[in-house]
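> For reference, the sequence and a predicted model appear below.
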Amino acid sequence: MGVDSIMVNSNPETVSTDYDTSDRLYFEPLTLEDVLNIIDVEKPEGVIVQFGGQTPLNLAVPLVKAGVPILGTSPDSIDRAEDRERFQALLQKLDLLQPDNGTALSLGEAKEVAERIGYPVVVRPSYVLGGRAMEIVFEPGELESYFREALRLLDDLPEEHPVLIDKYLENALEIDVDALSDGEDTYVAGIMEHIEAAGIHSGDSACVLPPHTLSSEILAEIERQTKALARELQVIGLMNIQYAVKDNRVYILEVNPRASRTAPFVSKATGVPLAKLATRIMLGVKLKDLDPWSMRRGGYFSVKESVLPFNRFPGVDVLLGPEMRSTGEVMGVDPSFGLAFMKSQLAAGQALPDAGAVFISVNDSDKPAIVGVARIFHDLGFEVLATGGTAAFLSEQGIPARRLLKVYEGRPNVVDCIKNREISLVINTVSGKKTVHDSAVIRQTTLLYGIPYS
């Protein structure tokens, strides 16, 4: 477009620091002082804050106050999406749902909010990135532990940094949406269905594009809400929205008026270069003139899977949660969803077995859902092994299951069987801190012996 581009990036590992990506590259911290120093030297006609995650987005309002022109979505619109009270007002205006929530400046206030909206709740500080110090809490004792351990304080919190408390939607399906808008028209670039349950950080979740279980009615509603939010926020460029679907109702978890970590995945999966088009839109080109709809490819499934670094950290619990832990991602593509998912697992270094024994131990609420899975494994010729309660339940459903002892019940137990290579795959679900603690040794042993864990 004949415009010189100046990249400011603090991370030497990313492609943005390649010497041929931009006309000039500043390898500097993304702080207000450093960025203003660069602006003072370069005197740019505009600054783009959409392509660096949350960190540059946090600089948008201070930069505007310093007289710096921001290209794309206005800092006020960014603030409407980021500020909790303004965001609630926005959703109420559009008649959109979000999980019940509240804020607290002390443990006492947190208990009141949690009692009002009902356990389980998701708690997190309001000033963190990557889900840091974010937990799902199932009862008051765990909330006290959170304040004592995760926050390391029981006194009042600083007023500008309250703890955010949201109702946790159990057994909900999480959806990620990337969209491109010029403030009038909106192109819904990708609706991605998470494979992990809602509550797992989106950076750690596998996801599939297009969705493979959502009804056409739910997809249409998600698209409608995405367009309504883009228009109301006057988004110029990219935006990402995280939804949860529970009991055929669509809830909005988060709106980010920026490129998300899924934008490169969606671009590769659909053939539509989102970052390139978003930049052109920020420089004044209309969406209808770019016509991303005509660029779109389809007819296959694309699965994004996270790469987790647990094998580098022996003894670390592999259980995923709201705090992001992945260090990379891979992609599987195939006309069949099952094969696309399998390719993503192989690319992530997960060797899936085609024979042997599968060990299953799930909590009571997950027992009905495990029946179909266990039956498939049995029909494929796998031996089904399970702890007492799960084995009894599966036997009642007509699925033969050999009982294994839990670790504290004696020997030989499930851990012994993993060590003896008698188990090819482990399926285990937990609920609450006690079951997480009790089953931690199982997860650590699967990691040590390279056994796939689900």
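Yes, it's here. Residues are numbered from 1 along each chain as shown.
> I'd like to know which helix or strand in this structure has the lowest mean pLDDT.
helix 433-449 (a mean of 74; mean pLDDT, DSSP states H and E).
> Hmm, residue 451 is touching residue 419, no?
No: contact criterion C-beta atoms under 8 Å: residue 451 and residue 419 do not qualify, at 9.9 Å. For the C-beta atoms, the positions are set from N, CA and C on the backbone; glycine is no exception.
> Spell out which residues are contacts of both of these two.
Common neighbours of residue 451 and residue 419, counting by C-beta atoms under 8 Å, 6 or more residues apart in numbering, are residue 445.
> ok, residue 381 - contacts?
residue 355.
> Pretty sure it sits in a strand.
No: looking at residue 381 with DSSP: H, G, I helix; E, B strand; the rest coil, it is coil, so not inside a strand.
> how close does it get to residue 357?
10 Å (C-beta to C-beta, to the nearest Å).
> low-confidence ranges in the stretch 1-150 of the chain?
Applying pLDDT under 70 to the stretch 1-150 of the chain flags the ranges 15-16, 126-133, 150.
> ok, back up a step: which one of residue 451 and residue 419 is surrounded by more residues?
Using other C-beta atoms under 10 Å, the more surrounded residue of residue 451 and residue 419 is residue 451, with 21 against 14.
> With residue 345 as the reference, measure out to that one.
For residue 451 relative to residue 345 (C-beta to C-beta), the value is 13 Å.
> swap in residue 37?
46 Å.
> Give me the number of neighbouring residues for residue 296.
13.
> Return the residues in contact with it.
270-272.
> CA-only coordinates of stretch 89-101 in PDB, if you can.
Output of stretch 89-101 as PDB, limited to C-alpha atoms (Å, rounded to 0.1, in the frame of the first residue of the first chain):
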ATOM      1  CA  ALA A  89     -24.000  -2.100  30.000                       C
ATOM      2  CA  LEU A  90     -23.100  -3.000  26.400                       C
ATOM      3  CA  LEU A  91     -24.500  -6.500  26.700                       C
ATOM      4  CA  GLN A  92     -27.700  -5.300  28.400                       C
ATOM      5  CA  LYS A  93     -28.200  -2.800  25.600                       C
ATOM      6  CA  LEU A  94     -27.900  -5.600  23.000                       C
ATOM      7  CA  ASP A  95     -30.000  -8.000  25.100                       C
ATOM      8  CA  LEU A  96     -27.100 -10.600  25.200                       C
ATOM      9  CA  LEU A  97     -26.400 -13.100  28.000                       C
ATOM     10  CA  GLN A  98     -23.300 -13.500  30.100                       C
ATOM     11  CA  PRO A  99     -22.700 -15.700  33.200                       C
ATOM     12  CA  ASP A 100     -23.600 -14.100  36.500                       C
ATOM     13  CA  ASN A 101     -20.700 -12.300  37.900                       C
END
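> what comes up buried for that stretch?
90-91, 96, 98-99 (16 or more other C-beta atoms under 10 Å).
> can those residues go into CSV with extra columns for distance to residue 247?
Below are those laid out as CSV (distance: C-beta to C-beta, whole Å):
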residue, distance to residue 247
90, 24
91, 19
96, 16
98, 15
99, 13
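> Name the nearest of the residues you listed relative to residue 256.
Ranking these by separation from residue 256, with C-beta to C-beta as the measure, puts residue 90 on top at 13.6 Å.
> Scan the contacts of residue 296 and report the most crowded one.
residue 272 (22 neighbours).
> And the pLDDT for that one?
As predicted, residue 272 sits at a pLDDT of 97.
> My read is that it contacts residue 292, right?
Yes: contact criterion C-beta under 8 Å: residue 272 and residue 292 qualify, at 4.8 Å.
> which neighbours do those two share?
187, 189.
> Report the secondary structure state of residue 91.
helix.
> who's in contact with the closest residue to it other than its chain neighbours?
Excluding the flanking residues, the one nearest residue 91 by C-beta to C-beta, 6 or more residues apart in numbering is residue 98, at 5.5 Å. Shown in contact with residue 98 (C-beta under 8 Å, 6+ apart): 88, 91, 251-253.
> Mind doing that once more with 6 Å?
91, 251-252 (C-beta atoms under 6 Å, 6 or more residues apart in numbering).
> one step back: of residue 37 and residue 345, which one has the most company?
Using other C-beta under 10 Å as the criterion, residue 37 and residue 345 rank with residue 345 on top: 17 against 13.
> What is the neighbour count of the nearest residue to the more buried one once chain neighbours are set aside?
The shortest distance from residue 345 to any non-neighbouring residue, by C-beta to C-beta, 6+ apart, is to residue 352 (5.7 Å). A count of neighbours around residue 352, defined by other C-beta under 10 Å, yields 11.
> rewinding a little: of all the contacts of residue 296, which comes closest to residue 51?
Closest approach to residue 51 among these (C-beta to C-beta): residue 272, at 16.2 Å.
> so residue 244 sits in a helix?
No: looking at residue 244 with three-state DSSP, it is strand, so not inside a helix.
> what bridges to it?
residue 174, residue 251 (DSSP bridges).
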